[in-house]
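Visitor: Predicted model and sequence below, questions to follow.
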Amino acid sequence: AQSVTQLGSHVSVSEGALVLLRCNYSSSVPPYLFWYVQYPNQGLQLLLKYTTGATLVKGINGFEAEFKKSETSFHLTKPSAHMSDAAEYFCAVQTGANNLFFGTGTRLTVIP
Amino acid sequence: KAGVTQTPRYLIKTRGQQVTLSCSPISGHRSVSWYQQTPGQGLQFLFEYFSETQRNKGNFPGRFSGRQFSNSRSEMNVSTLELGDSALYLCASSLATMNTGELFFGEGSRLTVL
């Protein structure tokens, strides 16, 4: 069965600093992986996804993630954090038709 | 283009009651999925409908049910409410007929069970 594990339920960074949110996956088949973001009192929004092809995936708002099969990882990064990046971030792996297994989430705080 | 619309946004029920939540997908989207979000369990998949047929179901008791109408609108129902059913219920729609995982979420219906 496919699953994901997010390391760190809370991450704090200073404005302008590198953002690194960690996600490791477990899958017996080539995984489809996703990062979603949730702002307070809102639904989830897709940041980026990896299906096949290029392992470095660029998403919205300057985020990117790299699929590393050897490390079973799909970490999310952004070179320079903005205050508007403060939110909860979820890594997910597809397990069926439009059925995603979500990680437990990482709350990102950006310190001015 | 209008996004996914969920109603009601907030509701309070008491134990033993039932509740029906509604979801209108993005125009043209035929797949609708439902997720439960709680602080303790996180985001959990409930079920997914495509063309009025349930294609997938998560590991929830039979008290949780859903349906999809011919216009792709969907409803989910929870009967005999328990305190643990308090959660944010998220609906998501998708255009693709195949597995893509690219879901568009509504803002959710926050259910409180007293």
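Guide: Ah, there it is.
Visitor: can you tell me the distance between the two ends of stretch B:10-25?
Guide: End-to-end distance of stretch B:10-25 (CA to CA, to the nearest Å): 19 Å.
Visitor: Against chain B, how distant is A:A87?
Guide: 13 Å (CB to the nearest CB, to the nearest Å). C-beta: built from backbone N, CA, C; applies to glycine.
Visitor: And for that residue, the neighbour number?
Guide: Using other CB atoms under 10 Å in any protein chain shown, A:A87 has 22 other residues around it.
Visitor: Against B:P25, how distant is it?
Guide: Here the distance between A:A87 and B:P25 works out to 24 Å (CB to CB, to the nearest Å).
Visitor: OK, now which residue of chain B is nearest to chain A?
Guide: Proximity of chain B to chain A (CB to the nearest CB) peaks at B:F105, 3.3 Å away.
Visitor: got the contact list for the nearest residue in space to A:A65 that is not next to it in sequence?
Guide: In space, and not counting its chain neighbours, A:A65 is closest to A:L76: 4.8 Å by CB to CB, 6 or more residues apart in numbering or on different chains. Going by CB atoms under 8 Å, 6 or more residues apart in numbering or on different chains, A:L76 touches A:V19, A:L20, A:L21, A:C23, A:W35, A:L47, A:L48, A:F63, A:E64, A:A65, A:Y89, A:C91.
Visitor: Give the full set of residues in contact with the residue lying closest to the first one once chain neighbours are set aside.
Guide: This points to A:V19. Nearest non-adjacent residue to A:V19, counting by CB to CB, 6+ apart: A:K78, 4.1 Å away. Neighbour list for A:K78: A:L18, A:V19, A:N61, A:G62, A:F63, A:E64, A:D85 [criterion: CB under 8 Å, 6+ apart].
Visitor: And A:K78, how far from A:G43?
Guide: As judged by CB to CB, A:K78 and A:G43 stand 21 Å apart.
Visitor: Going along the chain, name the strands of the chain.
Guide: You didn't pick a chain, so chain A it is. For chain A, the strands defined by DSSP state E cover A:3-7, A:10-14, A:19-26, A:33-38, A:44-50, A:56-58, A:64-68, A:73-78, A:87-96, A:99-102, A:106-111.
Visitor: my bad, the chain I had in mind was chain B
Guide: Going by DSSP E, chain B shows strands at B:5-7, B:10-13, B:19-24, B:31-38, B:42-50, B:53-57, B:64-68, B:74-78, B:87-94, B:104-105, B:109-113.
Visitor: Now mean neighbour count and mean pLDDT too, for those strands, in CSV please.
Guide: Listed next are the strands of chain B as CSV, based on neighbours: other CB atoms under 10 Å in any protein chain shown; pLDDT from 0 to 100:
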stretch, mean neighbour count, mean pLDDT
strand B:5-7, 17, 97
strand B:10-13, 13, 97
strand B:19-24, 19, 98
strand B:31-38, 24, 95
strand B:42-50, 21, 93
strand B:53-57, 14, 90
strand B:64-68, 19, 97
strand B:74-78, 21, 98
strand B:87-94, 25, 95
strand B:104-105, 20, 93
strand B:109-113, 18, 97
